[in-house]
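Undergrad: Here you go, sequence then predicted model.
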Amino acid sequence: QRAILINGEMRIWKGETRTVHSPVCVQAADGTLSHVELGSVPVTGTVEADAALAAAVAAYDHGRGAWPNLSVAERIACVGDFTNQIVARRREIVNLIMWEIGKSLADSQKEFDRTIDYIRATVEELKRLDNSNSRFEIVDGTIAQIRRSPVGIALCMGPYNYPMNETFSTLIPALIMGNVVLFKPPRFGVLLYYPMLEAFRSAFPPGVINIVYGQGHVVVPHIMGSGQVNVLALIGSSEVADQLKKSHPKTNRLRAILGLGAKNAAIIMPDADIELTVRECITGSLSFNGQRCTAIKMILVHQSIAETFLRRFCEEVGKLAIGMPWEPGVMLTPLPEMEMVAYMNECIADAEAKGAKVINPGGGTTVETLFYPAVLFPVREGMKLYREEQFGPIIPVASFEDIETPLDYVITSDHGQQVAIFGSNPDQIASLVDTLVNQVCRVNINCQCQRGPDVFPFVGRKDSAEGTLSVHDALRAFSIRTMVAAKQTEASKKLLDAIVLGNKSNFINTHFIL
Ligand code: G3H
């Protein structure tokens with residue numbers, strides 16, 4: 001892929017490219033394994049980043065550009081056109097997600113469909129929001145109309161594990177609220193945007209969406225350093241987010257919407273339903289090989305049921321289908337790169353050296369990027385796996401005697417996204433909930449941690465997030481409340497009437513969108 005969408009034009013890149021390899025390997029006749037080559041993408045630098053930024057700045061034109069001044073209904077129509085165009089290319093996009101990041105076909109399809117649902121729900125929510133603002137309010141002699149206006153230039157970056165869904169969960173709200181967007185695809189999960197480029201180009205006015213390629217650590221701080229970005233939307237690590245915010249010369253002008261790391265714990269009480277708990281902990285820790293920010297990344301089980309839980313958990317891990325992403329029913333698939341496998345092995349070696357054991361048969365066995373899940377027990381403070389976000393198919397387990405131990409684990413964690421608690425005693429569950437809701441932002445009772453349904457708030461404390469994402473909240477995150485106010489006089493009424501009845505303003509109006 002050589003086209004770069006900047007200022008509504010597909011610029012053909014003649015410079016350096018990066019070969020994109022699949023996590024999937026094929027075996028040659030002599031038995032050697034090699035990664036399937038999928039294509040290549042531009043490796044652009046700061047010059048192209050500047051061009052993308054200049055296009056965005058011109059398109060926004062200090063809020064006077066065509067896009068921020070379109071009516072909400074017109075922006076909705078552009079997003080609708082874009083959506084229809086990408087729906088027509090679903091098969092191609094789903095295939096690219098599957099081949100590029102190794103996500104199972106079923107989950108790749110789910111990611112695509114969930115994204116389309118998210119876009120449609122966003123449009124409906126915006127209609128509701130805009131209709132409710134299509135009126136005047138009179139308070140203490142002041143007539144006001146309050147709406148939400150765009151913030152300016154948004155830089156949107158998503159992660160490799162949900163390269164489409166998580167990117168669109170910020171990009172679409174940013175666009176539809178009238179911001180212009182610079183979009184940098186993740187390192188893995190970049191080719192899937194190739195079939196969308198034409199839809200981006202034709203559905204939106206020039207410069208409203210511009211794509212930035214190249215090495216993130218080179219181009220992104222450069223863009224931030226310009227001081228022109230008004231909203232940073234990043235789903236990634238807290239370290240990167242922190243650095244990027246600091247590279248903006250005026251942080252007070254920067255709004256950040258961040259979905260960051262997490263180390264969600266499962267706390268299993270003595271009276272937990274073992275079968276249900278095992279089921280939820282399996283999907284919670286191993287869906288897409290554990291590569292979800294919401295995954296359960298540490299299990300703390302009461303010592304009275306630790307043995308039973310671990311036996312049943314390992315039995316169920318042993319039944320999971322491992323294989324190639326297109327195989328029906330497959331759950332465990334290759335990891336995106338060898339570095340990930342090396343990190344998994346490093347975590348295991350560290351835990352083993354400090355006294356933990358891999359307790360499931362074959363745990364940690366690898367063939368190139370295919371890594372068989374490892375259940376480690378007992379994992380304790382001082383081991384990497386106790387605190388680090390492993391983001392892969394390793395399940396660290398510790399047992400506890402006193403409930404203060406898991407509570408202390410959550411309290412002292414650097415992360416604060418979610419927790420899953422398993423048990424049936426209402427007094428205990430209630431007391432756990434009351435403590436945990438002030439530590440994390442979602443307490444799951446007898447079910448795994450997850451983001452969805454997407455209308456619910458997705459948020460976190462400490463190093464896990466900044467700002468709230470949900471269909472409803474994202475529209476607010478990418479806009480700012482703005483009002484027009486006038487004294488409640490006959491002259492004001494006449495003037496406002498003339499504007500409204502003459503249909504003279506996009507802001508001052510009482511339009512209703514169906
Ligand atoms: O990687 C983080 C995702 O937002 C998790 O979403 O819980 O729906 O898998 P999910």
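TA: In hand now; what should we look at? Values in this document were obtained by computation on a predicted structure and should not be read as measured data.

Undergrad: residues touching the residue nearest to the spatial centre of the chain, list them.
TA: Geometric centre of the chain, nearest residue: Glu166, 3.3 Å, by Cα atoms, centre = their mean. Counting by Cβ atoms under 8 Å, 6 or more residues apart in numbering, Glu166 touches 158-159, 235, 259. No exception for glycine: its C-beta is placed from N, CA and C like everyone else's.

Undergrad: nearest to Phe371, of these?
TA: Pro159 (19.1 Å; Cβ to Cβ).

Undergrad: Need the per-residue pLDDT for that closest one.
TA: Pro159 is assigned a pLDDT of 97 by the prediction.

Undergrad: for the nearest residue to it once chain neighbours are set aside, what are its contacts?
TA: Excluding its sequence neighbours, the residue lying closest to Pro159 (Cβ to Cβ, 6 or more residues apart in numbering) is Ile235, at 4.7 Å. For Ile235, the contact set (Cβ under 8 Å, 6+ apart) comprises 157-159, 162, 166-167, 170, 258-260, 293.

Undergrad: Nearest to the ligand: which residue in the stretch 1-150 of the chain?
TA: Residue of the stretch 1-150 of the chain nearest the ligand, by Cβ to the nearest ligand atom: Arg114 (7.8 Å).

Undergrad: Spell out which parts of the protein neighbour the ligand.
TA: By Cβ under 6 Å from any ligand atom, the residues of the chain that approach the ligand are 161-162, 166, 292-294, 450-452.

Undergrad: before we move on, back to that, let's have the contacts of Glu166 in TSV, adding secondary structure.
TA: As requested, those are exported to TSV (DSSP: H, G, I helix; E, B strand; the rest coil):
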residue	secondary structure
Gly158	coil
Pro159	coil
Ile235	strand
Gly259	strand
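
Undergrad: now these as CSV including distance to Ser431?
TA: As requested, the contacts of Glu166 are exported to CSV (distance: Cβ to Cβ, whole Å):
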residue, distance to Ser431
Gly158, 38
Pro159, 35
Ile235, 33
Gly259, 29
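
Undergrad: Now rank those residues by neighbours and give me the top one.
TA: Greatest neighbour count in the contacts of Glu166, by other Cβ atoms under 10 Å, goes to Gly259: 29 neighbours.

Undergrad: Which parts of the longest helix seen in the chain count as buried, going by neighbours?
TA: Scanning the chain for the helix with the most residues, using DSSP state H, yields helix 105-132. Neighbour-count burial for helix 105-132 flags 105-109, 111-112, 114-116, 118-119, 121-123, 125-127, 129-130 (criterion: 16 or more other Cβ atoms under 10 Å).

Undergrad: just stretch 381-399 next, same as before
TA: 383-399.

Undergrad: Turn the buried ones among the residues of the chain next to the ligand into a named PyMOL selection, would you?
TA: Filtering the residues of the chain next to the ligand down to the buried ones (16+ other Cβ under 10 Å) takes a single PyMOL command:
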select buried, resi 161+162+166+292+293+294+450+451
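
Undergrad: Name the member of the residues of the chain next to the ligand with the shortest distance to Thr283.
TA: Closest to Thr283, out of all of these and judged by Cβ to Cβ, is Gln450, at 8.9 Å.

Undergrad: Just the pLDDT for the closest one.
TA: 98.

Undergrad: which SSE is it in?
TA: For Gln450, there is no host helix or strand (DSSP states H and E).

Undergrad: just checking, it touches Thr294?
TA: Yes: in this structure Gln450 lies within contact range of Thr294 using Cβ atoms under 8 Å: 5.2 Å.
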